[in-house]
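**Student:** starting from these lines, generate the structure:
(one chain, ligands or ions: 2)
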Amino acid sequence: MTLFPTLASLRAAACHPPQGDAAAAAAAEARQAVLTKPPGSLGRLEELVAWLARWQRRPAPRLQRVQVLVFAGNHGVTAQGVSPYPAAVTAQMADNFAAGGGAINALAAASGAALRVVPLRLDCPTADFTTAPAMTEAEFLDAVQQGGAAVPEGCDLLCLGEMGIGNTTAGAALAAALFGGTGWAGRGTGLDAAGVARKEAVVRAALARHAAALDDPLEVARRLGGFELAAILGATLAARRRGVPVLLDGFTATAAVAPLALLAPDGLEHAQAAHLSAEAGHRRLLTALDMTPLLDLGLRLGEASGAALAVPLLRAALACHAGMASFAEAGVAGRAA
Ligand SMILES: O=C(O)c1ccc[n+]([C@@H]2O[C@H](COP(=O)([O-])O)[C@@H](O)[C@H]2O)c1
Ligand SMILES: Cc1cc2nc[nH]c2cc1C
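**Tutor:** Numbering: from 1, shown residues only. Ligands and ions are numbered 1, 2, ... in the order given. You can find the predicted model right below:
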């Protein structure tokens, strides 16, 4: 089924996201209150259980089926020398993932999550967005659709990440267009200072080329994004519809979904930033989106690595919620007053 056949239907879905289940969240919170601990003492773990309950629409949330999706795409803007690695590495890494040899293969297995890698036209990069829109409308919608279609039925949690040489330049261009200012370009896979300055100039040139169209977040995603970024946007929208909470990976994945927060103020409420990437602009991007990352481990890999790493944290939060005794069950005295 085509989820968003036209740009208008995609816009309507993004502007009116379905709500979570407030009663399920309240029931999860009420249980926290009777468990043998001072109220709120499990801090963010308690909030995470209520968040899972709200977006799974279940008072007792579960994490039986966790799916990691890694979308891969290529970028015409690599012609501008914005990455130290050749574009061919995108397909080579997709093959490496298929053979089980990537970090994400190890991390997904360690987190008890299924992994699927979705290559998107790797032999056909986006257009160089310093000279033309990265994607046509049809290409953009197709990538969004592929992302949405990759969200499995009956999934309890989705971890979203990407692989695409050059895509931190796309992420920086998106962030600059959506939130303004300069300095969004970072080292990516390992640029030196001169490379970062070149990347910043490329972002500036892209914004100048598309200046007339940058007040529409979806146009920003089409003109400055990429296939894998559009797919992450589509998967995030589809997850909202299907009651699946989302863990976002690093800078590029966060930039990919940022248009959803501008199209609806609560558009990313079903998503958590799994970690703070070492990529320069990520902290600023998360601040702009009012998101607090779960982990800060100095990662700058992408490929959903940070998202997979946050899954055990959610499992631990649920284990406390489901497994702890109540004050009454354990015969522990509650607060004196
Ligand atoms: O998302 C991040 O935080 C992130 C930070 C640095 C690098 N990456 C990964 O590195 C690739 C993009 O880097 P680059 O230098 O080619 O733009 C792409 O495959 C991403 O998965 C990702
Ligand atoms: C080797 C390599 C692995 C990656 N994984 C995600 N992005 C990547 C970029 C490179 C270059």
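**Student:** phi, psi of the most centrally placed residue in the chain?
**Tutor:** Centroid-nearest residue in the chain, with CA atoms, centre = their mean: Leu248, separated by 2.8 Å. Backbone torsions for Leu248, taken as degrees, to the nearest 10, come to phi -90, psi 140.
**Student:** OK, contacts around it?
**Tutor:** The contact partners of Leu248, by CB atoms under 8 Å, 6 or more residues apart in numbering, come to 160, 236, 254, 257, 271-274, 307. For the C-beta atoms, the positions are set from N, CA and C on the backbone; glycine is no exception.
**Student:** dump those to TSV, plus secondary structure, distance to ligand 2 and pLDDT.
**Tutor:** Shown next, in TSV, are the contacts of Leu248 (DSSP: H, G, I helix; E, B strand; the rest coil; distance: CB to the nearest ligand atom, whole Å; pLDDT from 0 to 100):
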residue	secondary structure	distance to ligand 2	pLDDT
Leu160	strand	14	99
Thr236	helix	19	98
Thr254	helix	15	99
Val257	helix	18	99
Ala271	strand	20	99
Gln272	strand	21	99
Ala273	strand	18	99
Ala274	coil	15	99
Ala307	helix	13	99
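**Student:** which of these tops the neighbour count?
**Tutor:** Ala307 (34 neighbours; other CB atoms under 10 Å).
**Student:** was I right to think that one contacts Ala274?
**Tutor:** Yes - between Ala307 and Ala274 there is a contact under CB atoms under 8 Å: 4.2 Å.
**Student:** any common contacting residues for the two?
**Tutor:** Common neighbours of Ala307 and Ala274 are listed as 159, 247-249 (criterion: CB under 8 Å, 6+ apart).
**Student:** which residues are contacting stretch 24-33?
**Tutor:** The contact list for stretch 24-33 (CB under 8 Å, 6+ apart) reads 39, 42, 46, 49-54, 56-61, 321.
**Student:** so for it, mean pLDDT?
**Tutor:** Across stretch 24-33, pLDDT averages out at 98.
**Student:** so the residue nearest to the centre of the chain bridges to which residues?
**Tutor:** In this entry, Leu248 is beta-bridged to Leu160, Ala273, by DSSP bridges.
**Student:** confidence score at it?
**Tutor:** In this prediction Leu248 is given a pLDDT of 99.
**Student:** for Ala274, see how far away it is.
**Tutor:** 6 Å (CB to CB, to the nearest Å).
**Student:** okay, and the common contacts of these two?
**Tutor:** Common neighbours of Leu248 and Ala274, counting by CB under 8 Å, 6+ apart, are Ala307.
**Student:** which of the contacts of stretch 24-33 are buried?
**Tutor:** 42, 46, 49-54, 56-59, 61, 321 (16 or more other CB atoms under 10 Å).
**Student:** so who does the closest residue to Pro245 other than its chain neighbours touch?
**Tutor:** With sequence-adjacent residues excluded and distances taken as CB to CB, 6 or more residues apart in numbering, Pro245 is closest to Trp55, at 4.1 Å. Shown in contact with Trp55 (CB under 8 Å, 6+ apart): 20-21, 240, 243-245, 269-270.
**Student:** same list, the residues you listed, but only the ones touching ligand 2.
**Tutor:** Here nothing survives when these are matched to ligand 2 using CB under 6 Å from any ligand atom.
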